[in-house]
Structures are given as structure tokens and as C-alpha cells.
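[1] Sequence unavailable; structure follows:
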Ligand code: CUA
């Protein structure tokens, strides 16, 4: 073995000191392992994405973010909780930096509830703890989640997708109230939680 010129008179290394070439070989080995794992994981993501036709959650329904609040389904006057002819409830919300609009909605218990959300800017997250509601709100798409609440309860709703410096303060509120009580709420009360 050729010794490095900087070490013309090599002496045995003390116990516990690993020779430099052994360290280099070990680092190269682990670097190769890590890069290989990254390549395999990227290949899996790309392959499953193509073969599984992965797309944003919900029904791939598009919406022009420029229309939010102004016209179309998500016009300001159409936001909040509406009761459909079949008795189910539809809740329309806009997620935007850094709030959900309306900030608080009331929905009836014991009733099918459909949440429809759109984002005005970046990706936000919509989550109701202890329920099946957990979805991303992607700009340009309508996120639709169907839920059913058995009992009255207040849900705190944190945005769970990092969306900017105000992300931590982006919370909203869904208040599930008894069906009988909901029927007596005015439209303003349903979409503002005002008493
Ligand atoms: Cu919106 Cu995080």
C-alpha cells in the first residue's frame, strides 16, 4: 500500500482511531445507500402517480379563484350553511390567508353535511378533529367532503397545511347544533355563529 507523502514515517494508530481510508470507504458506502433510497422512493412516487392517475382530492371540479367572493357558487351571499331541498346541508367556505370565510358556521346534527371549499390563494388544510373531514384545499379546485355529525359539538378547525407566516393563526369554527335548534336559526346566525 502506498503511504501518503504527508506522512513519511507512519506509526501505528492508537487504539480506537479509525484510519482515514476506512472512514472514507464507510462514508461512500452510506452515501450510496442513501442516494439509492432516494432514487427508489422518487421512482415509486412518479410511477404510482402516473399509473394511479393521482390528482387533487375530491371530484376534480375546477373553480376560477378570481371569482371567489364575487360571483358563481362562491359568491359572498352563498357562503355558509344552506339547506338543500332533500334536507341535507351544504357548507361553502373559502380558505384564504389567513382565515376561513365565514369564520364560523353552524350545521345541524343528524343530517348529511357536504362541505365545499375553495382557496383564494395557496394550499390550505381543512380538518375537523375526530371526524372523517381532513382535506387539502388546492387553488383552482373545489374540495368536497361529506360528513355526518351524530351529536352537537363545537369543532375547532386548524388549517393544517403550512400557508405562510400567519398559518398558525388560521383557525375556524364549525358548531354542530341540534337539528331542532338549527331550524330556528336565521341565515346570519348559521354563517356567523352570532347568538
Ligand atoms: Cu392556511 Cu395554513
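    That came in fine, so what should we check first? The model shown is predicted, which means the values in this text are computed figures rather than measured ones.

[2] Counting neighbours, what do you get for residue 109?
    18 (other C-beta atoms under 10 Å). In this view, the C-beta of every residue, glycine as well, is placed from N, C-alpha and C.

[3] my guess is residue 147 meets residue 130, correct?
    No. Checked against C-beta atoms under 8 Å, the pair residue 147 and residue 130 is beyond contact range at 11.0 Å.

[4] if you count what's nearby, which of the two comes out ahead?
    residue 147 (18 against 7).

[5] give me every residue that touches the more buried one.
    112-115, 128, 131-133 (C-beta atoms under 8 Å, 6 or more residues apart in numbering).

[6] would you turn those into a markdown table with secondary structure?
    As requested, the contacts of residue 147 are arranged in a markdown table below (DSSP: H, G, I helix; E, B strand; the rest coil):
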| residue | secondary structure |
| --- | --- |
| 112 | strand |
| 113 | strand |
| 114 | strand |
| 115 | strand |
| 128 | coil |
| 131 | coil |
| 132 | coil |
| 133 | coil |
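
[7] Sort out which one of the residues you listed lies nearest residue 92 for me.
    When the contacts of residue 147 are compared for distance to residue 92 (C-beta to C-beta), residue 115 wins out at 8.1 Å.

[8] quick one: that closest one and residue 146, what's the gap?
    Residue 115 is 8 Å from residue 146, where distance means C-beta to C-beta, to the nearest Å.

[9] Give me the more crowded residue out of those two.
    Each of residue 115 and residue 146 has its neighbours counted (other C-beta under 10 Å); residue 115 has more, 23 against 11.

[10] Next SSE downstream of the helix of greatest length in the chain?
    The longest helix of the chain (DSSP state H) is helix 20-51. Going down the chain from helix 20-51, the next helix or strand is strand 61-62, by DSSP states H and E.

[11] And the average pLDDT for that following strand is what?
    The pLDDT scores in strand 61-62 average 88.

[12] go on, stretch 39-50?
    92.

[13] ok, how many other residues are close to residue 76?
    13.

[14] Those residues of this structure touching the ligand, which are they?
    Within reach of the ligand by C-beta under 6 Å from any ligand atom, the chain has these residues: 98, 124, 159, 161-163, 167, 170.

[15] so where's the protein uncertain?
    Along the chain, segments meeting pLDDT under 70 span 1-10, 53-59, 195.

[16] For this structure, just list every one of the strands.
    61-62, 80-83, 89-96, 99-101, 104-108, 112-119, 124-127, 134-137, 141-148, 153-158, 171-177 (DSSP state E).

[17] The ones you listed into JSON lines, with extra columns for distance to residue 51?
    Shown next, in JSON lines, are these (distance: least, C-beta to C-beta, whole Å):
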{"stretch": "strand 61-62", "distance to residue 51": "23"}
{"stretch": "strand 80-83", "distance to residue 51": "39"}
{"stretch": "strand 89-96", "distance to residue 51": "30"}
{"stretch": "strand 99-101", "distance to residue 51": "35"}
{"stretch": "strand 104-108", "distance to residue 51": "38"}
{"stretch": "strand 112-119", "distance to residue 51": "28"}
{"stretch": "strand 124-127", "distance to residue 51": "26"}
{"stretch": "strand 134-137", "distance to residue 51": "22"}
{"stretch": "strand 141-148", "distance to residue 51": "22"}
{"stretch": "strand 153-158", "distance to residue 51": "34"}
{"stretch": "strand 171-177", "distance to residue 51": "36"}
